[in-house]
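Colleague: no sequence for this one, just the structure:
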C-alpha cells in the first residue's frame, strides 16, 4: 500500500470538477469524487464505505482496476492541466 502522505497528495490534486468525468469513466460508476473527498478529510472508513456501496468486492477490484485507463485516462481534467493534453 502506498504511503498515507502520497495518497493525501494525490487526493488533494483533485480539481473537484463540477461535472466529474472520472465517475463516467468508471465501469461500475463508483462515486469517485465522494471517495476522494473522504480521503482528503482522512476519513478512510467513510471512503471504504463509499466504494462498498455499489461493489462489495471493491477491496479486490481497487487493486486490479486499471484506473489509469478508466477514470484517469482522457477524462481527468487534472491530467489535462498537468500535461496540456489528454492521454
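Modeller: Structure's in. What do you need? Values in this document were obtained by computation on a predicted structure and should not be read as measured data.
Colleague: Give me the nearest residue to residue 55, chain neighbours excluded.
Modeller: The shortest distance from residue 55 to any non-neighbouring residue, by Cβ to Cβ, 6 or more residues apart in numbering, is to residue 28 (5.4 Å). C-beta here means a position set from N, CA and C on the backbone, and glycine is covered the same way.
Colleague: quick one: the one you found from residue 13, how far?
Modeller: The spacing between residue 28 and residue 13, counted by Cβ to Cβ, to the nearest Å, is 23 Å.
Colleague: now residue 30
Modeller: Remark: distance between residue 30 and residue 13 (Cβ to Cβ) = 18 Å.
Colleague: Same check on residue 32?
Modeller: For residue 32, the distance to residue 13 - Cβ to Cβ - is 13 Å.
Colleague: Comparing these two, which shows the higher neighbour count?
Modeller: Neighbours of residue 32 and residue 13, each counted by other Cβ atoms under 10 Å, are more numerous for residue 32; the result is 23 against 13.
Colleague: Please give me every residue in contact with the residue nearest the centre of the chain.
Modeller: Nearest to the geometric centre of the chain sits residue 32, at 4.7 Å (Cα atoms, centre = their mean). Taking Cβ atoms under 8 Å, 6 or more residues apart in numbering as the contact definition, residue 32 lies against 20, 22-23, 26, 71.
Colleague: With distance to residue 50 added, can I get these in JSON lines?
Modeller: What follows is the contacts of residue 32, written out as JSON lines (distance: Cβ to Cβ, whole Å):
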{"residue": "20", "distance to residue 50": "13"}
{"residue": "22", "distance to residue 50": "13"}
{"residue": "23", "distance to residue 50": "12"}
{"residue": "26", "distance to residue 50": "12"}
{"residue": "71", "distance to residue 50": "14"}
